[in-house]
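K.L.:
3D model of this:
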Amino acid sequence: MSFGAVADDYDRLRPPPPEAAIDWLVPPGCRVAVDLAAGTGLLSRALARKVPQVIAVEPDDRMADVLRARSPGVRVTRGRGESIPLPDASADGVFISSAWHWLDPERAPAEIARVLRDGGRLGLIWTSRDRQVDWLQELDASRDRDRADRPVGEGEARTRGWRREITVPEGLFTNAEDRSFTFIRPMAKDDLVAMLGTYSGVITASSQDRAALLTRAEAMLEQRFPGVDRIDVPMRTWCWRAERVTRPRA
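P.N.:
Here you go, the predicted model:
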């Protein structure tokens with residue numbers, strides 16, 4: 001729930017998903033799509049360009065307020081991945097952007113399966129700076145330099161290994177596969193620094209620590225790109241999808 005404190009910056013600075021990734025995630029004929037843990041609606045708006053009905057489910061009213069203001073035509077409702085306020089078998093797809101690692105891995109998959117129609121799609125997506133690029137690794141190192149001895153929160157610990165940890169109970173989903181997409185996002189240098197402030201570890205840091213790590217990131221970028229106001233930032237989107245198995249007949 002820390003993200004609501006920076007909801008406007010989150011929506012302005014976080015990268016939206018690329019169209020190619022949405023095309024890969026959304027199944028043919030999808031009529032009703034649920035954006036679960038929708039945040040400010042970055043994924044909701046992308047889905048709405050391809051799906052007739054998009055339902056955004058978000059627990060934080062501060063994030064949802066931004067979502068409503070900037071996502072016309074998207075239905076917004078309060079809820080969580082473990083308690084989705086929708087009927088059984090009512091959605092063709094449930095999609096989650098940068099939030100799977102925050103959900104209860106025991107309860108959420110079953111709740112998602114309940115909402116999905118037989119053969120419906122569960123799609124997960126993360127979009128962020130491409131940490132395989134050397135200078136972006138250096139940027140992360142400058143940001144995290146003083147965090148080595150701090151305890152790591154549960155959500156942050158899950159995030160560091162999310163690609164290896166996507167598991168769902170047997171008998172609910174099948175045909176799992178994944179794919180990554182890369183693209184370039186031009187950003188003002190100041191916006192790139194500010195974007196680092198929209199991640200939970202920075203939001204929840206003390207004001208002194210937060211200022212120090214953002215100052216280090218700013219200095220690193222100035223050293224790497226002296227006198228440059230706008231930077232082409234390599235981005236990477238990683239996606240995972242699976243299909244809801246057919247329910248047993250009564």
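
K.L.:
Please enumerate residues in contact with stretch 1-8?
P.N.:
With contact meaning CB atoms under 8 Å, 6 or more residues apart in numbering, stretch 1-8 is reached by 10, 39-40, 59-63, 65-66, 197-198, 200, 203-204. For glycine as for every other residue, the C-beta is placed from the backbone atoms N, C-alpha and C.

K.L.:
Going by distance to Glu170, which of the residues you listed wins?
P.N.:
Using CB to CB, Pro59 comes nearest to Glu170 of the contacts of stretch 1-8, at 28.1 Å.

K.L.:
per-residue confidence for that closest one?
P.N.:
Here, the pLDDT recorded for Pro59 equals 96.

K.L.:
Need the residue closest to the centroid of this structure.
P.N.:
Nearest to the geometric centre of the chain sits Ser98, at 1.9 Å (CA atoms, centre = their mean).

K.L.:
That one touches Thr127, doesn't it?
P.N.:
Yes: between Ser98 and Thr127 there is a contact under CB atoms under 8 Å: 7.0 Å.

K.L.:
Find residues that contact each of those two.
P.N.:
With CB under 8 Å, 6+ apart, Ser98 and Thr127 have common neighbours Arg14.

K.L.:
that older thread, out of the contacts of stretch 1-8, who's nearest Thr246?
P.N.:
Closest to Thr246, out of all of those and judged by CB to CB, is Pro59, at 30.5 Å.

K.L.:
wait, isn't that closest one in contact with Glu82?
P.N.:
No: between Pro59 and Glu82 there is no contact under CB under 8 Å: 10.0 Å.

K.L.:
that older thread, please name the residues that touch the residue nearest to the centre of the chain.
P.N.:
14, 39, 125-128.

K.L.:
Okay, and which of these map to strands?
P.N.:
Taking DSSP state E, the ones among the contacts of Ser98 that sit in strands are 125-128.

K.L.:
If you rank the residues you listed by neighbours, which is first?
P.N.:
Ile125 (24 neighbours; other CB atoms under 10 Å).

K.L.:
and the longest helix along the chain, C-alpha only, in CSV?
P.N.:
Secondary structure of the chain per DSSP state H: the longest helix is helix 207-224. Extracted C-alpha coordinates of helix 207-224, given in CSV (Å, rounded to 0.1, in the frame of the first residue of the first chain):
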residue,chain,number,x,y,z
SER,A,207,13.5,10.9,3.9
GLN,A,208,17.3,11.2,4.5
ASP,A,209,18.0,7.9,2.9
ARG,A,210,15.7,8.5,0.0
ALA,A,211,17.3,11.9,-0.8
ALA,A,212,20.8,10.3,-0.6
LEU,A,213,20.1,7.5,-3.0
LEU,A,214,18.4,9.7,-5.5
THR,A,215,21.3,12.2,-5.3
ARG,A,216,23.7,9.3,-6.0
ALA,A,217,21.7,8.2,-9.0
GLU,A,218,21.6,11.7,-10.4
ALA,A,219,25.4,12.0,-10.0
MET,A,220,25.9,8.7,-11.7
LEU,A,221,23.8,9.7,-14.7
GLU,A,222,25.5,13.1,-15.0
GLN,A,223,28.9,11.4,-15.1
ARG,A,224,27.7,8.9,-17.7
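
K.L.:
so the next helix or strand after it versus helix 207-224, what angle?
P.N.:
Reading on from helix 207-224 to the C-terminus, the next helix or strand found by DSSP states H and E is strand 230-244. Inter-element angle recorded for strand 230-244 and helix 207-224: 120 degrees (by axes from the mean of the first three to the mean of the last three CA atoms, to 10 degrees).
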